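Q: got a predicted structure plus its sequence, pasted below:
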Amino acid sequence: MSAPILSAREVRLNLGGHEILHGISLDFEPHRIHAILGPNGCGKTTLVKALCGATKLSHGEVRLDGESISRLSASAMARKMAVVWQGGHITGDITVRRLVSYGRYAHLPWWQLRPPAHDQAVEQAMARTGVLPMAERRVETLSGGERQRVWLAAALAQEPQLLLLDEPTTYLDIAHQIDILELVRDLNQTMGLTVIAVLHDLTQAARYCDHCVVMGDGRVLRQGSPDQALSWSAVAQDFAVDSWVTHDPDGQRPVIQPRRRMRDTDPETWPSTMPAELHHKQR
Amino acid sequence: MSQTVATSSDWGRVQARPGFRTMVFAILLVLLVAAFIYGVGTGSIPLSPEQVLQGIFGPDDYEWHRVVWDIRLPRVLLAAMVGANLATSGVILQAIMGNPLADPGIIGVSSGAGLFGIIILLAFPSMYLMVPLFAFVGAMLACIVIYVLAWKGGIQPMRIILAGVAVSTLCGAGISAVMVLHSDRLQNALLFMNGSLSMRGWGEVRTLWPYCLLALAAALFCVRRLDVIVLGDDVARSMGMNVQANRILLTAIAALLAASAVSAVGLLGFVGLIVPHIMRMILGTNHAFLVPGSILFGATLVMFSDTLARTLFSPIEIPVGIAMAVLGVPFFLFLLRRAM
């Protein structure tokens, strides 16, 4: 295992008097796609905020490339790590090229009043994400999927080594979800970009990610390859969902089809593997 | 609805034309010069534009030299500085507070400056040279109080306005209290309250211009920060901005701009609200154009309003604040309707 590009050590975080994260330790290997999974309210978005320094930790530390992020300046951090949030605030007349050019903020000296008209990094980021044809259009007029690509382009303009995505597929229809995930995988494969994404759909996570982190109630419940972290028993225990787990024919990645909610209060009584009757029904 | 969409995209195409912004700035400059010459030329003795120019650039013994230099010019220059300052302060506050209604007058920054200014003016009149400095302290304090009241894990536009109105009311009450306690020196205070440029001369211009120049230059250097901070705290931070430090810096600039204007002319409302909005409609949201546009148009508008205010009911002079309110309130209501 190569040295982690980002790691969390014993991270605890309080919000409004409540502890949201209860001591999280994680290592994210470079050049991989990592998924952060878990039910609503388990602290996924808070973890993203902790990992990128947006919220102060009450305990522990986050290291980026071996350096504690509390000692890094915002701009030094932005040159290594970019974050795509769930939709930033867009004002009326901002064009795609302009929004993407804001991604250069950390690279420009303070006295430069305007980003250069045709910055190489901006053009490249737009080309990579396929938004170059709409460069002069207003972001406001774009669809949700197109907007998400524009935010990705703005993040790429930061020329980061690490990309953090907070629920990149939420609010998108199925085609645009796949679109964004394929794009992210493409960026990972062609540029070696490390990706950490908060995702909801377990099958999508299994298909596109190399490493899954499953959270519950502010803790890491499980992590590992999709096969380890998203087995029948893992999904049953972590999400209280009974599912069919099979493998797709091309990648041999697990496919998780939720079947019903498991109401049983005692997970000890759950079988440790998918019941045989389900295997049978699959055929 | 479809009508509105069509119109706004048509306008977008107009805005995107290469020469559009150059043309707008040319018009703004022409208006600025016109308002300046009109302001200097208008009064109990009307002067033609040639006489105005002769008076300014001509020899000292020119017959209108004294009228132009001693009476008209300082007042018009002061109006221009005040307008530029308040408009720019409005642009900055609207960006950092994420609220289109933010204006130094509405959210209490001006009344904070006014309260401190009027305390010095009435209680310690011998320290009147320090008024801008104390006004700045008052404006900064008002900003800090607004942030503290409105902060709860982030800036909420609605809370900012509510906190601002509260601070504004409190400072207004403070101003009234100070005035009642020092009712013997009320004449100055009344002019101060309404925003008036009468009885102002080179003294005020000399006190004001260094603050004005410094703060406007600082604002022009911050246009890129303003663009990015508008995207929201999380986005700005992940793009590499130290959001807290920049918010403090920008607040200080906005407070300095508002305070120096308030210490010269008192509470002058609506400039900081309407000028940025008009400029945003014409030039768009890019601060590299919005800030200089607001500086030019703010200066033009206050010069023009002040000229109207002192000549409309001549020989009685109404405070420019009243003229601005008459011009500003209908526009404010129009904006409110549109936003709904």
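A: Okay, I see it.
Q: contacts only, for the closest residue to A:Arg32 other than its chain neighbours.
A: Take A:Arg32 and drop its neighbours on the chain: the residue closest to it by Cβ to Cβ, 6 or more residues apart in numbering or on different chains is A:Asp210, 4.4 Å away. To be clear about C-beta, it is placed using only N, CA and C from the backbone, and glycine gets the same treatment. For A:Asp210, the set of contacting residues under the criterion of Cβ atoms under 8 Å, 6 or more residues apart in numbering or on different chains consists of A:Arg32, A:Ile33, A:His34, A:Ser225, A:Pro226.
Q: show only the entries of those found in strands.
A: With strands identified by DSSP state E, the entries of the contacts of A:Asp210 that belong to them are A:Ile33, A:His34.
Q: put the buried members of the contacts of A:Asp210 into a ChimeraX selection.
A: Typed into ChimeraX, the line below selects the buried ones among the contacts of A:Asp210, using 16 or more other Cβ atoms under 10 Å in any protein chain shown:
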select /A:32,33,34,226
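Q: of the contacts of A:Asp210, just say which sits nearest to chain B.
A: Ranked by distance to chain B (Cβ to the nearest Cβ), the contacts of A:Asp210 are led by A:His34 at 17.5 Å.
Q: for the closest one, which residues make a bridge with it?
A: Using DSSP bridges, the beta-bridge partners of A:His34 come out as A:Ile196, A:His211.
Q: now tell me what touches stretch A:245-260 from outside.
A: With contacts defined as Cβ under 8 Å, 6+ apart, stretch A:245-260 is touched by A:202-203, A:206-207, A:226-227, A:230-232, A:235, A:241-244, A:274, A:278, A:282.
Q: the residue in the stretch 201-340 of chain B that chain A sits nearest to and A:Lys56: what is the separation?
A: Closest approach of the stretch 201-340 of chain B to chain A (Cβ to the nearest Cβ) occurs at B:Gly240, with a separation of 2.7 Å. Counting by Cβ to Cβ, to the nearest Å, the gap between B:Gly240 and A:Lys56 amounts to 18 Å.
Q: between those two, which is the more surrounded one?
A: For B:Gly240 and A:Lys56, the more surrounded residue by other Cβ atoms under 10 Å in any protein chain shown is B:Gly240, and the numbers stand at 24 against 10.
Q: look at that one and report its pLDDT.
A: Reported pLDDT at B:Gly240 in the predicted model: 93.
Q: tell me who's in contact with B:Ala95.
A: Taking Cβ under 8 Å, 6+ apart as the definition, contacts of B:Ala95 comprise B:Leu226, B:Ile229, B:Val230, B:Leu250, B:His287.
Q: which secondary structure elements does the lengthiest helix in chain A sit against?
A: With DSSP state H setting the assignment, residue counts place helix A:174-191 as the longest helix in chain A. In this structure, helix A:174-191 packs against strand A:33-37, helix A:120-129, helix A:144-157, strand A:162-165, strand A:194-198, helix A:202-208, with contacts taken as 3 or more Cβ pairs under 8 Å, 6 or more residues apart in numbering or on different chains; DSSP states H and E.
Q: what average pLDDT does it get?
A: 94.
Q: over to stretch B:173-181?
A: Averaging pLDDT along stretch B:173-181 yields 85.
Q: Three-state assignment for A:Ala3, please.
A: coil (DSSP: H, G, I helix; E, B strand; the rest coil).
Q: for it, what are its contacts?
A: Listed by Cβ under 8 Å, 6+ apart, the contact set of A:Ala3 reads A:Pro30, A:Gly66.
Q: give the contact list for the closest residue to B:Ser111 other than its chain neighbours.
A: By the measure of Cβ to Cβ, 6+ apart, the closest residue to B:Ser111 outside its immediate chain neighbours is B:Cys171, 3.6 Å from it. When the contact criterion is Cβ under 8 Å, 6+ apart, the partners of B:Cys171 are B:Gly108, B:Ser111, B:Gly112, B:Gly114, B:Leu115, B:Gly138, B:Ala142.
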